[in-house]
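A.B. asks: take a look and give me a structure for this.
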Amino acid sequence: MNQSVEMVKTAYAALSDKKGEDIRIIDICKVSVMADYFIIASGNNANQVQAMVDNVEEELGKRGFVCKQIEGYQSANWILMDYGDIIVHVFDRENRLFYDLERIWRDGKKIEADELEALS
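C.D. replies: Numbers count the residues shown, from 1 in each chain. As a prediction, the model looks like this:
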């Protein structure tokens with residue numbers, strides 16, 4: 001399994017563990033050099049958003065992946081985690097609707113959760 005896919009699967013599971021809502025995976029490798037995948041998720045409040053981010057960082061850290069940069073942790077309305085190959089965006093509901101990254105990155109390929117095992 002390639003590194004990006006392992007990171008995506010791990011991050012997805014970590015977000016799910018903390019009851020992340022509407023978790024989306026977008027393959028952006030053909031439309032951007034920024035990263036291979038975006039993962040976008042929502043939480044109900046600042047505490048949940050931070051817990052989701054903490055869990056992603058912990059689970060990816062256990063597998064040897066180090067976050068290059070985290071932005072927005074204190075305000076917790078949009079936290080961005082940059083792992084190089086993947087970028088994780090965790091929003092509160094209001095900001096997710098406002099920024100609508102899924103629309104902005106609509107040229108990327110949406111990956112459904114049940115397709116994760118088929119990725120390699």
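A.B. asks: can you tell me what sits against the helix or strand of the chain with the lowest mean pLDDT?
C.D. replies: Taking mean pLDDT, DSSP states H and E as the measure, the helices and strands of the chain show their lowest mean at helix 101-104, namely a mean of 88. Here helix 101-104 makes contact (CB atoms under 8 Å, 6 or more residues apart in numbering) with 24, 26, 38, 40, 89. Every residue, glycine included, has its C-beta placed from N, CA and C.
A.B. asks: what is the helix or strand containing residue 47 packed up against?
C.D. replies: Residue 47 is part of helix 46-62 when elements are defined by DSSP states H and E. Applying 3 or more CB pairs under 8 Å, 6 or more residues apart in numbering; DSSP states H and E, one finds that helix 46-62 contacts helix 3-17, strand 37-43, strand 78-82, strand 86-92.
A.B. asks: which one, of those, ends up nearest to residue 113?
C.D. replies: Judged by CB to CB, the one of the helices and strands packed on helix 46-62 that comes nearest to residue 113 is helix 3-17, at 6.9 Å.
A.B. asks: now mean pLDDT too, for the helices and strands packed on helix 46-62, in a markdown table please.
C.D. replies: Shown next, in a markdown table, are the helices and strands packed on helix 46-62 (pLDDT from 0 to 100):
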| stretch | mean pLDDT |
| --- | --- |
| helix 3-17 | 95 |
| strand 37-43 | 97 |
| strand 78-82 | 97 |
| strand 86-92 | 97 |
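A.B. asks: want to throw these into CSV with mean neighbour count?
C.D. replies: Shown next, in CSV, are the helices and strands packed on helix 46-62 (neighbours: other CB atoms under 10 Å):
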stretch, mean neighbour count
helix 3-17, 20
strand 37-43, 24
strand 78-82, 19
strand 86-92, 25
